[in-house]
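In: below is the sequence, then the predicted model.
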Amino acid sequence: MTGSSRTARLMLLALLVAGTPAVWAQAGASKAPRIYSCVDATGKRISSDRSVPECAAREQRVLNADGSVKQVVPPAMTAEERAEADAREREAVAEKAARQDEARRDRNLIARYPNEAAHRKARETALDDVGKAVRLSEARVSALASERKRLLDESEFYAGKPLPAKLKTALEANEASGAAQRTLIQNQQAEIGRIDAIYDVELARLKKLWAGAAPGSIGPASAAVAAAATPKPTTR
């Protein structure tokens, strides 16, 4: 063996010997046991190399070999506590989704109505559609009233006598059609009020958004719109 080869082998052996203590120390540290320590319900301190069953409902500390705290293990939850925690988590997720939905609605609302003029025009268009239907129904009621007058005039010829079946049927049909049209007009007028209420709620929200309020920061709009859209009971 040459002198240079012998020198290289001696240098390699020296490096291995020098590095061995560090390697051993690292291996020993990775295998160091964890010490669990806690105080049970009676006030007794318990230490173990694994989680202490007697302290399942209490805080436990995991210690290093030198006694310093490595981590703190919180008490294990009971089934009831876990159910409550899950319920709170589901509620938080639902609230976050609702806020995101409200923010999306607000952004869509601003995009649809960039100013009050656009919102007013949309209200007028919606009300005009229902207004046309009301006018058609009112015209139908007027025509039925004229028809009923003609039928009543004809029925005077049969005073004190049974009406002919054809005339009787025509009067009954006229009465039923008139009642149906009057009910339809009431429903259409209620729809006008419902549309106005919805646009009022939207306008109040839009004014805040136009003024700079962040989408989703005003509060839930769905409940207010739903309340406005609910038909109010009519009094007779």
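Out: All right, it came through fine. Numbering: from 1, shown residues only.
In: just give me the residue closest to the centre of the protein.
Out: Centroid-nearest residue in the chain, with Cα atoms, centre = their mean: A98, separated by 3.0 Å.
In: what's the next secondary structure element after the helix or strand containing that residue?
Out: Applying DSSP states H and E as the criterion places A98 in helix 79-112. The element immediately downstream of helix 79-112 (helix or strand, assigned by DSSP H and E) is helix 116-155.
In: relative to helix 79-112, how tilted is that next one?
Out: 90 degrees (axes from the mean of the first three to the mean of the last three Cα atoms, to 10 degrees).
In: okay, buried residues for helix 116-155 please.
Out: 119, 123, 126, 130, 133-134, 137, 140-141, 144, 147-148, 151, 155 (16 or more other Cβ atoms under 10 Å). Backbone N, C-alpha and C define where each C-beta goes, glycine included.
In: check stretch 73-89 too.
Out: So stretch 73-89, judged by 16+ other Cβ under 10 Å, has buried residues V73.
In: so what touches it?
Out: With Cβ atoms under 8 Å, 6 or more residues apart in numbering as the test, stretch 73-89 has contacts from Y36, S51, A56, A57, R58, E59, Q60, R61, V62.
In: make JSON lines out of these and add distance to T169.
Out: Formatted as JSON lines, those follow (distance: Cβ to Cβ, whole Å):
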{"residue": "Y36", "distance to T169": "94"}
{"residue": "S51", "distance to T169": "90"}
{"residue": "A56", "distance to T169": "85"}
{"residue": "A57", "distance to T169": "83"}
{"residue": "R58", "distance to T169": "88"}
{"residue": "E59", "distance to T169": "88"}
{"residue": "Q60", "distance to T169": "90"}
{"residue": "R61", "distance to T169": "94"}
{"residue": "V62", "distance to T169": "94"}
